[in-house]
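In: Got a sequence here, can you build the structure:
(one chain, ligands or ions: 1)
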Amino acid sequence: MDHHNNVNRDNLEPRDSARQRSGRTMMFDTVICDLDGVVWLEGEPIGDSVAAIAGWREMGCRVLFVTNNSTVSSAAHAARLADIGIDADGDVISSSDAAAAMIAAGESVLVLGGAGITEAITARGAQLVDPNADAGVGASLEGVDAVVVGLDRRFDYQRLSAASAALRSGARFIATNEDPALPTPTGPMPGAGSIVAAVASASGRAPVVAGKPHRAIVAVIHERLGSEFDPARALVVGDRLSTDGALAAHLRCRFALVRDGAVTAVRPDGDEGDAVETASESGDDGPAMDDVDAIADDVRAAVWLTASSVHEVMVACRLRASD
Ligand SMILES: [Mg+2]
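Out: Below is the predicted model of the structure:
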């Protein structure tokens, strides 16, 4: 049961010895990697994340970056990754892409969010409706096909009113994601989920969520990875159980939970580990930890030996989808 005990760097063996011990090379050919809280915080690399990603690629892994951060486009995320030395051209999927995939050409869409969403929506051939147009008290915004809500840094009463009016007039309600908070170097900031909750409250409507771990982004991931994608040889790496962990469960991949700084392990009963505590503190009720006993040595070796320098420890396990 040693592998359930806390782990520190002293337990980590050099990559070569792990390879020799397992008698083979990497058991993964695909790594689906979160961005915020894993690779960077507001564009600043966390630890040696750049080297860890290079390490996965050296071992022959395709690395796909999948983020719920909708504030900039996937191309802009890729450009920012290039700035820190990670070539990710064509290898970024954001919740904006997933939301846009739910929009048809020619539709009329009201967006509460940043350029990441509006660029993805207009690229679909849809028309944008100005949320700053005065909806007035009790006004209706008829003819709007969909309201797409993400992290809207210009959010105010006017924009809330417009979105609510369009939804009350029958528009579809699409949320990029429901992450309540966005990790930053100075602590958590309100995330898209906070804005979505306000719009849901004002309109009396519940959104269809496009981003992790929901169906729309799962479809975009499958489309991007193509028929070669083998979940048994793929690993999702993330810092949030309810999004990244649940995505892994839906994709039927293994999951590695990044724990920044603290040295901890998830315990087999799943209710005492620090990772689970952290999840519940943030209102993050992700999928149930399942099968932690079945963590394979080579899974842990692959994750820790290539990425241990990113964060102090990661745990790899299978998760049980809650829906
Ligand atoms: Mg994250």
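In: Tell me the residues on the stretch 101-250 of the chain that lie near the ion, please.
Out: When proximity is defined by C-beta under 5 Å from the ion, the stretch 101-250 of the chain lies next to the ion at Asp239. Just so you know, the C-beta spots here come from the backbone N, C-alpha and C atoms, and that holds for glycine as well.
In: How many residues are close by the one residue in the stretch 101-250 of the chain that gets nearest to the ion?
Out: Here the residue of the stretch 101-250 of the chain nearest the ion is Asp239; by C-beta to the ion that distance is 4.4 Å. Neighbours of Asp239 under the rule other C-beta atoms under 10 Å: 25.
In: all helices of the chain, in order?
Out: Here the chain has its helices, by DSSP state H, at 15-22, 49-58, 74-83, 95-100, 115-123, 157-168, 192-203, 215-225, 246-251, 274-281, 297-307.
In: deepest of the ones you listed, which one?
Out: helix 95-100 (a mean of 30; mean count of other C-beta atoms under 10 Å).
In: By mean pLDDT, which helix or strand of this protein comes out lowest?
Out: Least confident helix or strand, the chain: helix 274-281 with a mean of 35, by mean pLDDT, DSSP states H and E.
In: Glu42 contacts Met189, doesn't it?
Out: No. Assessed by C-beta atoms under 8 Å, Glu42 is found out of contact with Met189, at 9.4 Å.
In: Need the contact partners of stretch 148-158.
Out: Residues from elsewhere that reach stretch 148-158 (C-beta atoms under 8 Å, 6 or more residues apart in numbering): 69-71, 95-96, 99, 103, 109-114, 116-117, 121, 131-132, 134-135, 159, 163, 173-177, 182, 190-192, 195-196, 198-199, 207.
In: hmm, try it at 6 Å
Out: Under the criterion C-beta atoms under 6 Å, 6 or more residues apart in numbering, residues 70-71, 99, 109, 111-113, 117, 132, 174-176, 192, 195-196, 199 lie in contact with stretch 148-158.
In: ok so, going back, and the helices of the chain, which one's lowest on average pLDDT?
Out: Among the helices of the chain, helix 274-281 carries the lowest mean pLDDT, a mean of 35.
In: number of nearby residues for the one residue in the chain that gets nearest to the ion?
Out: Nearest residue of the chain to the ion (C-beta to the ion) works out as Gly37 at 3.7 Å. Applying other C-beta under 10 Å, we find 19 residues neighbouring Gly37.
In: isn't it right next to Pro183, touching?
Out: Yes. Between Gly37 and Pro183 a contact is recorded at 4.4 Å, counting by C-beta atoms under 6 Å.
In: Would you enumerate the residues in contact with Ile46?
Out: Contacts of Ile46 (C-beta under 6 Å, 6+ apart): Trp40.
In: give the contact list for Ala163.
Out: Applying C-beta under 6 Å, 6+ apart, the residues near Ala163 are 112, 147, 199.
In: how near is it to Gly170?
Out: According to C-beta to C-beta, to the nearest Å, Ala163 and Gly170 sit 13 Å apart.
In: same question, Gly106
Out: Here the criterion is C-beta to C-beta. By it, Gly106 lies 17 Å from Gly170.
In: Just the pLDDT at the residue of the stretch 101-250 of the chain closest to the ion, thanks.
Out: So Asp239 comes in at 81 (pLDDT).
In: and it, what are its phi and psi?
Out: phi -110, psi 10 (degrees, to the nearest 10).
In: Help me confirm that it comes into contact with Val38.
Out: Yes. Under the criterion of C-beta under 6 Å, Asp239 makes contact with Val38 at 5.4 Å.
In: how many neighbours does the closest residue to Thr122 other than its chain neighbours have?
Out: Leaving aside its chain neighbours, Thr122 sits nearest to Leu128 (6.5 Å; criterion: C-beta to C-beta, 6 or more residues apart in numbering). Neighbours of Leu128 under the rule other C-beta under 10 Å: 14.
In: Just the pLDDT at Leu128, thanks.
Out: pLDDT, Leu128: 95.
In: And Arg24, by the same measure?
Out: Here, the pLDDT recorded for Arg24 equals 42.
In: partners of the residue nearest to Thr122 in the sheet?
Out: Beta-bridge pairing for Leu128 (DSSP bridges): Val109.
In: Relative to Ile117, how far out is it?
Out: The spacing between Leu128 and Ile117, counted by C-beta to C-beta, is 10 Å.
In: Ala79 now?
Out: 17 Å.
In: What of Asp156?
Out: Distance of Asp156 to Ile117, computed by C-beta to C-beta: 17 Å.
In: Let's see the distance spanning stretch 201-221 from one end to the other.
Out: Chord length of stretch 201-221, first to last residue, is 31 Å (C-alpha to C-alpha, to the nearest Å).
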